[in-house]
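Asks: Sharing a sequence plus its predicted fold:
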2 protein chains.
Amino acid sequence: MRYTPAAKEMVLADWAHEARRSTIQDMLAVTAQPDILSFALGLPAPELFPTETYTQVAMQVLASESRALQYGPPWQPLKAHIVALMAQRNVICREEQVFLTTGAQQGMSLLARLLLNPLGTVLLEETIYSGIQQAIEPFQPTLLTVPTDRETGMDVDAVASLLERQAPPAFIYAISDGHNPLGTCMSLEKRRRLVELARHYHVPIIEDDAYGLLWYDQVAIPPMRALEEGWVFYLGSFSKILAPALRVGWIIAPEALLPKLSALKEASDIDTATFSQRTIAAYLAAGHLPNHLTELRQAYSTRRDSMLSALRSYFPRETKWHRPSSGMFVWVELPHEVDTAEILKVAVERERVAFLPGHAFDVDGSRRAAHCMRLNFSNCRAERIEEGIARLARVL
Amino acid sequence: MRYTPAAKEMVLADWAHEARRSTIQDMLAVTAQPDILSFALGLPAPELFPTETYTQVAMQVLASESRALQYGPPWQPLKAHIVALMAQRNVICREEQVFLTTGAQQGMSLLARLLLNPLGTVLLEETIYSGIQQAIEPFQPTLLTVPTDRETGMDVDAVASLLERQAPPAFIYAISDGHNPLGTCMSLEKRRRLVELARHYHVPIIEDDAYGLLWYDQVAIPPMRALEEGWVFYLGSFSKILAPALRVGWIIAPEALLPKLSALKEASDIDTATFSQRTIAAYLAAGHLPNHLTELRQAYSTRRDSMLSALRSYFPRETKWHRPSSGMFVWVELPHEVDTAEILKVAVERERVAFLPGHAFDVDGSRRAAHCMRLNFSNCRAERIEEGIARLARVL
């Protein structure tokens, strides 16, 4: 049988004509090449995965729990551990509010489906994680956007002004700590104000806290979910603090909405891998996480400092950046005439070093961040970071 | 902080007011109770999971592949194994047409999003797997439905007549083998005709073949994807032939559409667990699957025969059923005045035995199958099957 080129005649959903792989996904293939020194992706350091301990708990689970490879209802012991983990972020919640997901990305995808009508409205920052943009794209939404201040985070005055003038959006998407891609941390005052706006205008906030447990200089400010239970959907993840391949995250949501989320989840992928749920619960039950988190915070803050120091040594004077207090990213601003997408091509080809061009995070196809770059500091060892920044500087 | 009952005031997406957990999901909780003898769910037999072998390959993968717990692009060796596995179903495909998913359910969810506009049209059988109904529900689609013949499967004459009269639907959903819930197998003639209709009217078919490798009396007829490459999206899964908790399935799709699927997948859950991809590839590379499949086919055909024999011994004379040649289900038709949802309550409470009432699969809220029950025969050992059918008969 020969290939029938039917795809061209096939009628796709209207929005799908625009659907494209993200720059992140393209870079996943580029950076899988072993000789590439990559600052491109939000990858944790593989040499810091607790592989040995994980192997042990996985073996124990497989040997002792006959339902570990079966379909199953959400694993209650894991929910109990998540409640305890959330307390470290000053979030008080109950197991009945914990909804398990296939990573935080599924959390935002399910919440978009729960809250957003086709052609609905979403409020987010001008420069923001591409995953939320992809999650809402099929709804062909109207976007209300606000700028971000490099010191204090999301421009909440602009949020207030939009909410005053416009019909309420389906939700506000915000990242309080370890902002992706900007590396910023939202001030406590802004968190309080945003929560008040959510209450006042009856607009839910999706608070993406995938990086919230990775704080470096001091314990991070509590997330907005610590201030408001009814209007904040909190997204957490084990991807950055344990391992992405387990594909387990969670939503903290008002309990009344869990049956709806449950129906949406079932339609998406039936259940979150029971084997991952049980191995993570066993890992947490054995008390391994606190030391592991300490180790990650030490290693990543050292890497961050190496990157900042290398930027000072090698990058042109007119370059600007901010010292991130959490997360995995440094956002670098080059002079406005620079196009970092062009720089990236040369950097990969000639210097075998990769990063993400700022444009990958512009929400509305604007070229607002086309002169910026997102640099990840968690994935490479300190000496490689210096080497990589030196190489990048040669391209600049 | 006290609970703010905000959920009541929160504006959800229009369709979400109707969203409910499926009966399947409710039964997952009921049947997790250890004293329940369950024919309710499409669960493989946990004692037949290749747990020991899987533990070995998982340990090898964890010990030797540093990227096994990281995010990653789709694992090419797994795609190569899937191409070989598909050849056992007489499907000739290339790695470039294999798209990895978080189980077959994600396959149908992604394809619904790719092909279906809000308020679009879908063609499916009157009594069909609830997962496809959940996958399309957010689009509030118009449903075109056709009956199913117990001997030869989907009524393709009715499909032809609908396609002649109506604007073409976004897709046709069909299960050629091991039909869920009816246990039927579509005749080769009907497969040919349905494929011709798809070509003629330019309507894609989503062919759900999650149970297709579990044939018992003779090698199953090739699926429609073996007859047509351009208009058939084939869904496969390791859930029923290896273990559900690995959450790995696949779509065979026209190559030109893989970048779109890739964008959709990224928005849904970033990637399919790399650890699962690599352990399954290692399991397949070691050549374990053929013997395992033989073992499953022997065990499940024995269980099917035990169930049919117990039905003959214990069930009322006026009951009807069909001998399934593949899959995991026997569909039982009771007299029309019987309401199997009522029977289920009594069966669970008094006899500690569970099944799924036919109504759970009615597409349009009709009570067409309210007098039927779906009985799973793969999950219980033969002696338990006889015991369970005897208990169920006592309730009838």
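Replies: Noted; the coordinates are in hand.
Asks: next one: the longest helix seen in chain A to chain centre, how far?
Replies: For chain A, the longest helix by residue count, based on DSSP state H, is helix A:289-314. Averaging C-alpha positions (C-alpha atoms, centre = their mean, to the nearest Å) puts helix A:289-314 18 Å from its chain's average.
Asks: Can you list the helices and strands that the following helix or strand past that helix packs against?
Replies: Reading on from helix A:289-314 to the C-terminus, the next helix or strand found by DSSP states H and E is strand A:320-321. In terms of contacts (3 or more C-beta pairs under 8 Å, 6 or more residues apart in numbering or on different chains; DSSP states H and E), strand A:320-321 is packed against strand A:329-333. Every C-beta, even on glycine, is put in place using the N, C-alpha and C of the backbone.
Asks: same question for the strand it packs on, mean pLDDT?
Replies: Mean per-residue pLDDT for strand A:329-333: 98.
Asks: in its sheet, what does that strand sit against?
Replies: Sheet pairing of strand A:329-333 (DSSP bridges) gives strand A:320-321 (antiparallel), strand A:372-376 (antiparallel).
Asks: quick check: angle from it to helix A:289-314?
Replies: Angle between the axes of strand A:329-333 and helix A:289-314 is 20 degrees (criterion: axes from the mean of the first three to the mean of the last three C-alpha atoms, to 10 degrees).
Asks: ok, residues contacting strand A:329-333?
Replies: A:42, A:150, A:178-184, A:304, A:307-308, A:311, A:315, A:319-322, A:324, A:358, A:371-377 (C-beta atoms under 8 Å, 6 or more residues apart in numbering or on different chains).
Asks: which residues does residue A:149 bridge with?
Replies: Assigned bridge partners for residue A:149, using DSSP bridges, are residue A:153.
Asks: Check which residues of stretch A:106-123 are buried.
Replies: A:106-118, A:120-123 (16 or more other C-beta atoms under 10 Å in any protein chain shown).
Asks: Oops, could you answer that again for stretch A:71-86 instead?
Replies: A:71-75, A:78-83, A:85-86.
Asks: and what of stretch A:271-291?
Replies: Those would be A:271-284, A:288-289, for stretch A:271-291 by 16+ other C-beta under 10 Å.
Asks: How far does it sit from its chain's centre?
Replies: 21 Å.
Asks: So what touches it?
Replies: With C-beta under 8 Å, 6+ apart, stretch A:271-291 has contacts from A:50, A:53-54, A:57-58, A:60-62, A:65, A:67-75, A:77-78, A:81, A:85, A:100-102, A:238, A:241-242, A:246-248, A:265, B:28, B:243-247, B:273, B:276.
Asks: Of these, grab the buried ones for PyMOL.
Replies: In PyMOL syntax, the buried subset of the contacts of stretch A:271-291 is picked out as below (16+ other C-beta under 10 Å):
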select buried, (chain A and resi 50+54+57+58+61+62+65+67+68+69+70+71+72+73+74+75+78+81+85+100+101+102+238+241+242+246+247+248+265) or (chain B and resi 28+243+244+245+246+247+273+276)
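Asks: Please name the nearest non-neighbouring residue to residue A:150.
Replies: residue A:322 (4.8 Å; C-beta to C-beta, 6 or more residues apart in numbering or on different chains).
Asks: same thing with residue A:20?
Replies: Using C-beta to C-beta, 6+ apart, the closest residue to residue A:20 is residue B:263 (5.7 Å).
Asks: right, and that neighbour touches residue A:131 too?
Replies: No. Look at residue B:263 against residue A:131 with C-beta atoms under 8 Å: they stay out of range, at 11.2 Å.
Asks: part of a helix, is residue A:135?
Replies: Yes. Judged by DSSP: H, G, I helix; E, B strand; the rest coil, residue A:135 forms part of a helix.
Asks: Settle this for me: it is touching residue A:108, isn't it.
Replies: Yes. Shown here, residue A:135 and residue A:108 form a contact pair, counting by C-beta under 8 Å, at 4.8 Å.
Asks: Spatially, and excluding backbone neighbours, which residue is closest to residue A:162.
Replies: Closest to residue A:162 by C-beta to C-beta, 6+ apart is residue A:144, at 5.0 Å.
Asks: helices or strands next to whichever strand or helix holds the one you found in the packing?
Replies: Per DSSP H and E: residue A:144 is located in strand A:142-146. Contacts defined by 3+ C-beta pairs under 8 Å, 6+ apart place strand A:142-146 against strand A:121-125, helix A:156-165.
Asks: Of those, which stretch is the most buried?
Replies: Sort the helices and strands packed on strand A:142-146 by mean neighbour count, taking mean count of other C-beta atoms under 10 Å in any protein chain shown, and strand A:121-125 sits at the top with a mean of 24.
Asks: List the pairing partners of that strand within its sheet, with orientation.
Replies: strand A:142-146 (parallel), strand A:171-174 (parallel).
Asks: who's in contact with the first one?
Replies: By C-beta under 8 Å, 6+ apart, the surrounding residues in contact with strand A:142-146 are A:119-126, A:154-156, A:158-159, A:162, A:166, A:169, A:363-364.
Asks: Repeat the analysis, applying 7 Å as the threshold.
Replies: A:121-126, A:154-155, A:158-159, A:162, A:166, A:169, A:363-364 (C-beta atoms under 7 Å, 6 or more residues apart in numbering or on different chains).
Asks: low-scoring stretches of chain A, by residue?
Replies: A:1-8 (pLDDT under 70).
Asks: what residues are up against the residue nearest the centre of chain A?
Replies: For chain A, the residue nearest the mean C-alpha position is residue A:210 (5.1 Å; C-alpha atoms, centre = their mean). Applying C-beta under 7 Å, 6+ apart, one finds that residue A:210 lies in contact with A:104, A:235, A:237, A:239, A:240.
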